[in-house]
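*Asks:* pasting a predicted model and its sequence here:
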Amino acid sequence: MAFAFKFEPPRLRLTGGRRLRGIRYFVQDKRWLIVALLLGLALFVAPTPDGLTQDGKVVLIMSAVAVVLFIAEPIPLPAVALMIIVGQVLLIPKLDSSTVARSLMNDSVLFIMGSLMLAVAIVRQKLDKRLAFLIVRITGTKTRNVAIGIATASGVLASFVGEHTVAAMMLPVALTLINLLSDDPKAVRNLSAILLFSIAYGCAIAGIGTPSGGARNAIMIGYWREFFFDPADPATAKYSVDYARWMLFCYPLFLAQIPLLIAILFFTFRPEQDDMARAVVRLREQIAQEGSLSGSHWATMIIFAATLLGWIFLSGTLGLGTIALMGAVTFLALGLVRWDDLNSGVNWGVVLLYGAAISLGVQMKDTGAAEWVAATFVNALPEFMEHGTGLFAAVSVLTTLVTNSMSNGAAVAVLGPISLNMASASGESPLTLGLVTAVSSAFAYLTVVGTPACTIVYASGYLKTTDFLKVGYKMAIMSTSVLLLFATFYWPLLEG
């Protein structure tokens, strides 16, 4: 048999022109990754500023690169998290992989993971539909009213039990309404953003309302007592701030921001539908078909209520994360949710991202990078910002910048002593400047990892990282403006 062999070049072999086009496409697609890496390299070879350690410089460079990648998202965000982890091990000599690994899995990360699991369990039992229907019955079906209801409910709850808890509880409610509006997420993208940001930012602006609203509040109360309170001196009694007095200072500030929050959200994201009546009709029909509450519904509510009470009363000893995981384990053990449901319903990449961000925040503090940023910022202030409203604005802006790169509790821990010392040096009230610092630490509106509430709503998959920047800067300007009004006119009246 004759056999003729004919050689043909592989079809995948690229000609010079096609190869060039492929490189051009890669550069175009990954241009922000290239920009971020070149920025990091340029900063790395630049001289280390006075007063900043080499390790602190590396942490600041990593933070700058991460911010660019968070915003532009040229690679998946979990990949950015992995870059942060690897970068700490390779670029900071004192850190080994075990130390970095330990910093990734603290209580806050466990809480995020457990909260997302609880949300999946609630959705599987369809209790989210009943809670959504209850809210809509109170607010009516107008989109604006529903958003106000969700923001207010989220805020009032978050002011007492913490934003972490409330965001995890309210996320399934918003997702239920979104899914009933349309099967195509793109068709209701703006409306989805409004509802989800109503939860995240409603929780954020409410966390300042009471001492139990966040660790930052308790930290500042401790600083006041430590630095200024003397039991033997009645004149210093005002620095012993109790629960009720904190609420008198800050709860009106939370309430004043709710209508402004809604206005900003509707200005930034024009909703596709002004009325959600069709979704509410479908929701009512589904609830009617499911009938009355079953045993599994009651068991789910009891477990979640027990978890909620644990967060309120036992988190100081057991930690928020441990309690969240206990709730998730109970759901699994009783068969109320399957592991397959959790495995597919939880955005594990978000958990990794939050862990990496917290790890980097720890290094910001431990290497002195955060304190150097604060000192450099203060030294650069013009004379008119060394006292009065100008000083309040400067401290607020500084705290806002820092809290968007590390946890709000860590931000207040680092900046609290600095701002209180500035108050003493400038003759301003330590109470007022301390409140400015604590409240501004809630303005972490700009990034996915700014607060657990932002991370939780981002895990829904309906938001982009650029959405946070798009609306976050408006929120920061609004919150700062309202804060300055309170610091200038309202709080001095309470001090007497």
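*Replies:* Structure's in. What do you need?

*Asks:* domain boundaries for this protein, per the record?
*Replies:* With domains defined by automatic domain parsing, the chain comprises 31-44+51-104, 107-346, 356-495.

*Asks:* now mean pLDDT too, for those domains, in JSON lines please.
*Replies:* Converted to JSON lines, these look like this (pLDDT from 0 to 100):
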{"stretch": "domain 31-44+51-104", "mean pLDDT": "88"}
{"stretch": "domain 107-346", "mean pLDDT": "84"}
{"stretch": "domain 356-495", "mean pLDDT": "84"}
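
*Asks:* which parts of the stretch 251-400 of the chain are helices?
*Replies:* Counting by DSSP state H, counting those that start in this stretch, the segments of the stretch 251-400 of the chain that form helices are 277-290, 295-313, 315-318, 320-333, 339-345, 348-366, 369-379, 388-403.

*Asks:* for the second one, packing partners?
*Replies:* By that I understand helix 295-313. On a contact count with 3 or more C-beta pairs under 8 Å, 6 or more residues apart in numbering; DSSP states H and E, helix 295-313 meets helix 107-124, helix 127-139, helix 143-161, helix 163-181, helix 320-333. Every residue, glycine included, has its C-beta placed from N, CA and C.

*Asks:* same question, the last one
*Replies:* Contact analysis of helix 388-403 by 3+ C-beta pairs under 8 Å, 6+ apart lists helix 369-379, helix 408-426, helix 430-440, helix 465-485 as its packing neighbours.

*Asks:* can you check the first one too?
*Replies:* Counting contacts by 3+ C-beta pairs under 8 Å, 6+ apart, helix 277-290 is packed against helix 127-139, helix 163-181.

*Asks:* point out the most buried one among those.
*Replies:* Highest mean neighbour count among the helices and strands packed on helix 277-290 (mean count of other C-beta atoms under 10 Å): helix 163-181, with a mean of 25.

*Asks:* and that helix, how far out from the chain middle?
*Replies:* Relative to its parent chain, helix 163-181 has a centroid offset of 15 Å by C-alpha atoms, centre = their mean, to the nearest Å.

*Asks:* how about stretch 350-362?
*Replies:* Relative to where its chain is centred, stretch 350-362 has its mean C-alpha point 12 Å off (C-alpha atoms, centre = their mean).

*Asks:* heads up, I number from 17, so please use that
*Replies:* Got it, first residue is 17 now, which makes that one stretch 366-378.

*Asks:* list the contacts of it.
*Replies:* Applying C-beta atoms under 8 Å, 6 or more residues apart in numbering, the contact partners of stretch 366-378 are 75, 78-79, 82, 93-94, 96-98, 100-101, 104, 116, 119-122, 124-125, 128-129, 132, 421-423, 426, 464-465, 468, 471, 474-475.

*Asks:* just the pLDDT at Gly512, thanks.
*Replies:* Looking at Gly512, its pLDDT is 63.

*Asks:* can you classify Ala460 as helix, strand or coil?
*Replies:* With DSSP: H, G, I helix; E, B strand; the rest coil as the basis, Ala460 sits in coil.

*Asks:* how much space between the residue nearest to Ile339 when sequence neighbours are not counted and Ile319?
*Replies:* In space, Ile339 comes closest to Gly326 once its chain neighbours are excluded; the distance is 4.1 Å by C-beta to C-beta, 6 or more residues apart in numbering. With distances taken as C-beta to C-beta, to the nearest Å, Gly326 is found 10 Å from Ile319.

*Asks:* what does Ile280 give?
*Replies:* According to C-beta to C-beta, Ile280 stands 36 Å off from Ile319.

*Asks:* make a markdown table out of the domains of the chain and add distance to Ile39.
*Replies:* Conversion of the domains of the chain to a markdown table gives the following (distance: least, C-beta to C-beta, whole Å):
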| stretch | distance to Ile39 |
| --- | --- |
| domain 47-60+67-120 | 12 |
| domain 123-362 | 32 |
| domain 372-511 | 27 |
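
*Asks:* out of those domains, nearest to Arg40?
*Replies:* Of all the domains of the chain, domain 47-60+67-120 sits nearest to Arg40, with 10.7 Å by C-beta to C-beta.

*Asks:* start and end of that closest one, how far apart?
*Replies:* Counting by C-alpha to C-alpha, to the nearest Å, you get 29 Å between the two ends of domain 47-60+67-120.

*Asks:* repeat that for stretch 193-209.
*Replies:* 12 Å.

*Asks:* highest average neighbour count across the domains of the chain?
*Replies:* domain 372-511 (a mean of 21).

*Asks:* run the chain-centre distance for that domain.
*Replies:* Per C-alpha atoms, centre = their mean, the centroid offset for domain 372-511 relative to its chain is 14 Å.

*Asks:* tell me which element Leu85 falls in.
*Replies:* helix 70-88 (DSSP states H and E).

*Asks:* what angle sits between that helix and helix 385-395?
*Replies:* 90 degrees (axes from the mean of the first three to the mean of the last three C-alpha atoms, to 10 degrees).

*Asks:* past helix 70-88, which element shows up next along the chain?
*Replies:* With DSSP H and E, the next secondary element past helix 70-88 is helix 93-107.

*Asks:* any chance you could list what contacts that following helix?
*Replies:* Identification of contacts with helix 93-107 by C-beta under 8 Å, 6+ apart yields 74, 78, 81-82, 85-86, 111-113, 116, 120, 365-366, 368-369, 371-373, 375-376, 379, 464, 481.

*Asks:* what packs against the helix or strand following it?
*Replies:* Per DSSP H and E, helix 93-107 leads on to helix 113-120 as the next helix or strand towards the C-terminus. Counting contacts by 3+ C-beta pairs under 8 Å, 6+ apart, helix 113-120 packs against helix 93-107, helix 364-382.

*Asks:* figure out how far the first one is from the centre of its chain.
*Replies:* By that I understand helix 93-107. 20 Å.

*Asks:* likewise stretch 316-336?
*Replies:* 21 Å.

*Asks:* equivalent analysis for stretch 96-115, please.
*Replies:* Computed by C-alpha atoms, centre = their mean, the chain-centroid distance of stretch 96-115 equals 23 Å.

*Asks:* what's the end-to-end length of it?
*Replies:* 19 Å.

*Asks:* OK, contacts around Ser440?
*Replies:* Ser440 neighbours (C-beta under 8 Å, 6+ apart): Pro446.

*Asks:* how about Pro446?
*Replies:* Pro446 neighbours (C-beta under 8 Å, 6+ apart): Trp240, Phe243, Phe244, Tyr255, Leu436, Ala439, Ser440.

*Asks:* residue contacts, the third one?
*Replies:* In other words, Phe244. Thr252, Tyr255, Leu436, Pro446.
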